[in-house]
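I'll drop the sequence and a predicted model, then ask my questions.
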Amino acid sequence: MIGRPADGLYYHLRELQRVGLISPAGSRKRGRRREAIFRSAYREPSLVHDPSPQGNSPAVTTIIGSMLRLGARDFRKAVGSPRVRTHGPYRELWGLRVTGWLTPDEIVEVNRRIVSLQNAVARPRSRGKLYAITILLTPLEHRARKKQRRPRVPRANP
């Protein structure tokens with residue numbers, strides 16, 4: 001599906017399994033082929049960001065970019081489906097960007113709500129419909145607006 005040799009993928013899966021990040025979770029039949037299913041060893045895998053000059057900022061930024069592209073791809077697919085509900089209490093398609101000023105206490109509350117939302121969606125279930133949520137919380141660099149100069153009014157020549 002990804003246009004790469006399967007042996008490269010299997011190598012990486014074996015390495016992830018060897019270091020304990022994933023474990024086998026069974027298999028399923030897809031057409032005539034059998035697919036292996038793996039489960040993350042951690043309920044909440046997370047990125048640890050090291051912003052130091054020798055840190056992993058480029059790698060973390062690449063991963064976040066991939067997550068956002070995946071979210072955008074999923075959104076494009078869902079927009080094209082006539083079965084997706086786009087309003088009302090059963091709405092299942094959102095696109096949202098909000099900016100605002102937050103105090104440190106409000107940041108704590110936003111983080112609590114993000115974790116609550118993550119926990120509500122990330123529970124393993126066999127019933128219902130599969131959903132994805134992609135969230136990005138980032139501080140914005142605030143620059144003071146440049147003072148607008150009043151346009152000069154040309155003087156009349158005597």
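Perfect, I can see it now. Numbering: from 1, shown residues only.

how about the strands of this protein, start to end?
For the chain, the strands defined by DSSP state E cover 22-30, 33-40.

for the shortest one, what is the distance to the chain centroid?
The reference is to strand 33-40. 23 Å (Cα atoms, centre = their mean, to the nearest Å).

what's in contact with that strand?
13, 16-17, 21-29 (Cβ atoms under 8 Å, 6 or more residues apart in numbering). The way it works is simple: take the backbone N, C-alpha and C, and place the C-beta from them, glycine included.

and the residues you listed, which two are the farthest apart?
21 and 29 (25.7 Å; Cβ to Cβ).

and those two? Which one has more around it.
More neighbours surround residue 21 than the other of residue 21 and residue 29, with 14 against 8 (other Cβ atoms under 10 Å).

my guess is that one meets residue 14, correct?
No - look at residue 21 against residue 14 with Cβ atoms under 8 Å: they stay out of range, at 11.3 Å.

using PDB, write out the CA atom coordinates for stretch 76-96.
Below are the C-alpha coordinates for stretch 76-96, written out as PDB (Å, rounded to 0.1, in the frame of the first residue of the first chain):
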ATOM      1  CA  ARG A  76     -11.100  15.300   2.800                       C
ATOM      2  CA  LYS A  77     -12.400  11.800   2.600                       C
ATOM      3  CA  ALA A  78     -15.200  12.400   5.100                       C
ATOM      4  CA  VAL A  79     -16.300  15.600   3.400                       C
ATOM      5  CA  GLY A  80     -17.000  13.600   0.200                       C
ATOM      6  CA  SER A  81     -19.300  11.200   2.000                       C
ATOM      7  CA  PRO A  82     -23.000  11.900   2.000                       C
ATOM      8  CA  ARG A  83     -23.400   9.700   5.100                       C
ATOM      9  CA  VAL A  84     -21.300  12.000   7.300                       C
ATOM     10  CA  ARG A  85     -23.300  14.200   9.700                       C
ATOM     11  CA  THR A  86     -22.200  17.800   9.600                       C
ATOM     12  CA  HIS A  87     -24.600  19.400  12.100                       C
ATOM     13  CA  GLY A  88     -26.700  18.800  15.200                       C
ATOM     14  CA  PRO A  89     -25.900  16.700  18.300                       C
ATOM     15  CA  TYR A  90     -24.600  13.800  16.300                       C
ATOM     16  CA  ARG A  91     -22.200  15.900  14.200                       C
ATOM     17  CA  GLU A  92     -19.100  14.000  13.300                       C
ATOM     18  CA  LEU A  93     -17.100  16.400  11.100                       C
ATOM     19  CA  TRP A  94     -15.400  19.500  12.500                       C
ATOM     20  CA  GLY A  95     -12.800  21.900  11.300                       C
ATOM     21  CA  LEU A  96     -11.900  24.500  13.900                       C
END
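
thanks again, I'm all set now.
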